[in-house]
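K.L.:
no FASTA, just this:
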C-alpha cells in the first residue's frame, strides 16, 4: 500500500509541472496581456513600460514561464497587472467561500444521488425509476445559469408575495443577522441546489448502473439464497461494492464543480472563485487568471490523488497493476 | 441493397445437377465469400414462398432506431427546431434588430406574430430567439465536426500504433481531462474568442475531442486483434488502408453517438459562455446573451428569459434522447430486429 501511494504521489508531480506549463501557454498564446491596458487612454507609455519591466514581458516565452513559476512560490502568485495589488490574499478569501459552496453541493449531490440510484436500481422499471430517469435527463439538459435564474426569481417572488425569507437570492450574509450559521445556510441554499443538480443527475445514473451490475452478480444471489434480509443485501453486499467506482467519479467531479461555481456565483453575486475569475477576465488581467487556474488545478490533482488512494484501499486488485 | 445470395431461394432440384467442375468452382468462390455461399446453401432448404430479405447494417440500425419511439419523436422535434433556426432569415416575422417602440413589453401573443412577446425596446422576441438558435446550431455543428475529426485521428493513431505514441497521447488526454474545463474554455474564449461564433467553436473543439479519442483508441485496441485485420495485414494492406477500410467503419457507431452528444454539450457550453459575456457577442445573436441581457426584467417580463432558456433545454433534451436511441440502434451486439 505504501509503495502504491508513493507511486501515485510521485506521478502527480510531473502532472503538476506540465499542467502549470499548459496553463501558462494557453493564456500567453490567447493574446497580448497588455492589449486591454493599452486601450485605456489615461495609461501612459511609461506606466506600460514599468508593467513590462515588472512582469518581464519582454523576455522570451520560456524565461517568462520560469519567472512566473518563481513568483508563484516566492511572492504568492505575484501582483495584478494594472493595479499591482497582491493576488494571494484575494484568492485565499474567495477560495474559502467557494469551498463552502462546493463541498456542500458535493455532499448534497452524493447523498441524494446514492439514494435515488439505489432505489432506481432495486426497483428497476418502477414509476420511481422512470420519474428519476426523466428528471436526470432534464438535469442534463438545463443550463445551470437558467436554473439559477429560475430559482432566484421563484424565491424573490415568494418573498415579495408572503414577506417571509426562506432563502436569500444573492450574497453570502446579511448585515445584523442573529445566527450566523442559519443566515449562511439561507444564503447558500439556492447556489448549492443549482450546483448540485447536475451532480445528482449524473451520479444517480452512475449509481443506478453500477448497482444493477452488482445486484445481478453471483455473490448477491448467494447472499439472497442464504436467506439474508433484503435490506442487508442491498446495504451491505451490493451498495458497498457498487460505491467503489463511484469514489473516482466524485473526485473527478471537482473540476466540473469549480466550473459550475463560475456560473452560480455570477448569478447569486457570491464573492467566490468564480466571480473572481469572471471579474478579472472582464478586465483581461492575466495574472490573477493564471493564479486561479493554477489553484483549481492543484486542488483537482490533489482530489484525484486522494481518489486513487481510496480506490486502492477499497479495491486491493488496483494496487498491483 | 439486396444480396442475391441471400434473397433468392433457389429451387431444390438444382443441386444434384451440379457437375464436377462447377463444384470445384464453388470451392474457389467459397474461399472468397464464405458467408455468401453458405447462406445460399441454407436458403435452398427454405420452403418456397418464404423469402429471406437481406438488410445492410445501416438498414438494421435504422430499423432499431425506429422502434425507439421517444428518440424518433425527439428527432422530429429537433429537426423542426433546427430548420426554424437555419431558415430564420425566411421564417422570422421580424429582423433581429428591428425596434417597434409602440409594441414594447408585449406578453406572448398571436397578434402581430409576437409569439414570444417583445422586449423593452420593442424587438420581436420570437425572431430574436430564432436567430439565436441559428448561431447555436452553427457553433455546435462546427464543434461536433472538428472535435470528431481531431478525436478520430488521435484515437486511431493511438490505438493502431500503440507503444510510446499511444502512451504520450493518452497521458495528454488525461491531463486535459484534469483541467477545470469550463474555466479554461472561458479564459481562452475571453482572451482569444473576440465574440466570433467560428472562433468560439474552434476553441471548444480543441478541448472536446478527448472523450472520442479515448473511445476510438479502446475500440482499435480490440479491433487490432481481430482476424480480418490480421488477414488484411498478411495480404499486404497498408496501415492507412487497414485503418480507413477495415477499422474505422467498425467504429462508426461510437463516433456518431459521440458526435451527437458533443452537439448537445456544445450548445450548453456556448450558451454559458455567451451568458457570462465571453462567448458569442453582439452583433451576432446568441441565446445565452439574450438571457443575460434580459435577466434584469425577470419579474416583470419573465418570457424574455424563459423563451430562450426553454429553447436551449428543448434542443439539448431532444439531442440526448436521439443520442440514446442511436446508441441502442448502432450497437451491433444488440439484434432485437429479426433479420
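P.N.:
Done, it's in. The structure displayed is predicted, hence computed values, not measured ones.

K.L.:
mind checking which helix or strand residue 66 is in?
P.N.:
No chain was given, so I picked chain A. Taking DSSP states H and E as the definition, residue A:66 sits inside helix A:61-74.

K.L.:
right idea, wrong chain: chain B
P.N.:
With DSSP H and E as criterion, residue B:66 is part of helix B:57-67.

K.L.:
by contact count, what packs against that helix?
P.N.:
Judged by 3 or more C-beta pairs under 8 Å, 6 or more residues apart in numbering or on different chains; DSSP states H and E, the packing partners of helix B:57-67 are helix B:69-86, helix B:303-330. The way it works is simple: take the backbone N, C-alpha and C, and place the C-beta from them, glycine included.

K.L.:
So the residue in the stretch 201-321 of chain A that chain B sits nearest to, which state does it fall into?
P.N.:
Among all residues of the stretch 201-321 of chain A, residue A:259 sits closest to chain B, at 2.9 Å; criterion: C-beta to the nearest C-beta. Here residue A:259 is recorded as helix under DSSP: H, G, I helix; E, B strand; the rest coil.

K.L.:
Quick check, it in contact with residue B:207.
P.N.:
No: here residue A:259 lies out of contact with residue B:207, judged by C-beta atoms under 8 Å, at a distance of 11.8 Å.

K.L.:
Who has more neighbours out of these two?
P.N.:
Neighbour count, other C-beta atoms under 10 Å in any protein chain shown: between residue A:259 and residue B:207, residue A:259 has more, with 24 against 19.

K.L.:
contacting residues around the more buried one?
P.N.:
Residue A:259 is in contact with B:180, B:181, B:182, B:183, counting by C-beta atoms under 8 Å, 6 or more residues apart in numbering or on different chains.

K.L.:
Neighbours of residue 121, how many?
P.N.:
Going with chain A. So residue A:121, with other C-beta under 10 Å, has 24 neighbours.

K.L.:
Chain B, not that one
P.N.:
13.

K.L.:
Which residue, other than its chain neighbours, is closest to it?
P.N.:
For residue B:121, ignoring the flanking residues on the chain, the nearest one in space by C-beta to C-beta, 6 or more residues apart in numbering or on different chains is residue B:99 at 4.9 Å.

K.L.:
what helix or strand does residue 253 sit in?
P.N.:
With no chain named, the answer covers chain A. helix A:239-267.

K.L.:
Let me rephrase: I mean chain B.
P.N.:
Per DSSP H and E: helix B:252-276 holds residue B:253.

K.L.:
what comes up buried for that helix?
P.N.:
B:253-276 (16 or more other C-beta atoms under 10 Å in any protein chain shown).

K.L.:
what's the answer for stretch A:61-74, then?
P.N.:
Buried residues in stretch A:61-74 (16+ other C-beta under 10 Å): A:64, A:65, A:68, A:71, A:72.

K.L.:
residues in contact with the first one?
P.N.:
Put plainly, it is residue A:64. Applying C-beta under 8 Å, 6+ apart, the residues near residue A:64 are A:24, A:28, A:56, A:57.

K.L.:
Distance of it relative to residue A:24?
P.N.:
According to C-beta to C-beta, to the nearest Å, residue A:64 and residue A:24 sit 8 Å apart.

K.L.:
Can you give me the pLDDT of residue B:19?
P.N.:
Residue B:19 is assigned 42 on the pLDDT scale.

K.L.:
ok, the closest residue to residue A:203 other than its chain neighbours - how many residues close by?
P.N.:
Nearest non-adjacent residue to residue A:203, counting by C-beta to C-beta, 6+ apart: residue A:113, 3.3 Å away. When neighbours are defined as other C-beta under 10 Å, residue A:113 has 26 of them.

K.L.:
Where do the domain boundaries of chain B fall?
P.N.:
What automatic domain parsing lists as the domains of chain B is B:4-52, B:58-330.
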